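Participant: need a structure here:
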Amino acid sequence: MSDDEIIHRIGQLADEERRLEESHAQSAVGLSAEEKARLDQLQVTLDQLWDVLRQRRALRRAGRDPEEAAERPPSTVEHYQQ
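Facilitator: Prediction:
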C-alpha cells in the first residue's frame with residue numbers, strides 16, 4: 001500500500017469514527033455495544049495505519065525501502081506515548 005493509499009484509508013476511517021461519535025453526541029442514548037466495538041476497532045486500526053505511515057517515512061528518510069514497513073499488532077501500537 002502506498003503512502004497516498006494509507007492516507008486515504010486513514011481519512012475514510014476517521015470520517016466513519018467522527019460520524020459514529022457525532023450520531024449520539026446530542027442524544028441521551030449512548031452507543032450500542034456493536035457501535036462501541038466498532039469505535040474501538042476503528043481507533044486501533046487508525047493507530048496501526050498511522051504507525052505504518054510513520055515507519056514508511058522513517059525508512060524512506062534512512063534511504064531504505066518503505067515497503068519494509070509492517071503493520072504492528074494492537075498490543076504494540078496501543079501503548080505508544082503520544
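Participant: for stretch 58-66, which positions count as buried?
Facilitator: residue 66 (16 or more other CB atoms under 10 Å). In this view, the C-beta of every residue, glycine as well, is placed from N, C-alpha and C.
Participant: The chain: helices as residue ranges?
Facilitator: 3-23, 33-61, 74-77 (DSSP state H).
Participant: Which elements pack onto the second one?
Facilitator: Think helix 33-61. Packing contacts for helix 33-61, counted by 3 or more CB pairs under 8 Å, 6 or more residues apart in numbering; DSSP states H and E, involve helix 3-23, helix 74-77.
Participant: With respect to these, which exhibits the lowest mean confidence?
Facilitator: The minimum mean pLDDT among these belongs to helix 74-77 (a mean of 88).
Participant: hang on, the earlier thing: for the helices of the chain, which one sits closest to residue 68?
Facilitator: helix 33-61 (5.5 Å; CB to CB).
Participant: Show me which residues of that closest one are buried.
Facilitator: Here helix 33-61 shows 42, 45-49, 51-53, 55-56 as buried, counting by 16+ other CB under 10 Å.
Participant: what's the answer for stretch 1-11, then?
Facilitator: 6, 9-10.
Participant: Looking at those, which one is closest to residue 17?
Facilitator: residue 10 (10.2 Å).
Participant: for that closest one, what are its contacts?
Facilitator: Residues in contact with residue 10 (CB atoms under 8 Å, 6 or more residues apart in numbering) are 46, 49-50, 53.
Participant: how about a cut-off of 7 Å?
Facilitator: For residue 10, the contact set (CB atoms under 7 Å, 6 or more residues apart in numbering) comprises 46, 49-50.
Participant: got it, and residue 9?
Facilitator: residue 49.
Participant: want to try JSON lines for the buried residues of helix 33-61, with distance to residue 65 and pLDDT as columns?
Facilitator: Shown next, in JSON lines, are the buried residues of helix 33-61 (distance: CB to CB, whole Å; pLDDT from 0 to 100):
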{"residue": "42", "distance to residue 65": "29", "pLDDT": "96"}
{"residue": "45", "distance to residue 65": "24", "pLDDT": "96"}
{"residue": "46", "distance to residue 65": "24", "pLDDT": "96"}
{"residue": "47", "distance to residue 65": "23", "pLDDT": "95"}
{"residue": "48", "distance to residue 65": "20", "pLDDT": "96"}
{"residue": "49", "distance to residue 65": "19", "pLDDT": "97"}
{"residue": "51", "distance to residue 65": "17", "pLDDT": "96"}
{"residue": "52", "distance to residue 65": "14", "pLDDT": "97"}
{"residue": "53", "distance to residue 65": "15", "pLDDT": "97"}
{"residue": "55", "distance to residue 65": "11", "pLDDT": "97"}
{"residue": "56", "distance to residue 65": "9", "pLDDT": "97"}
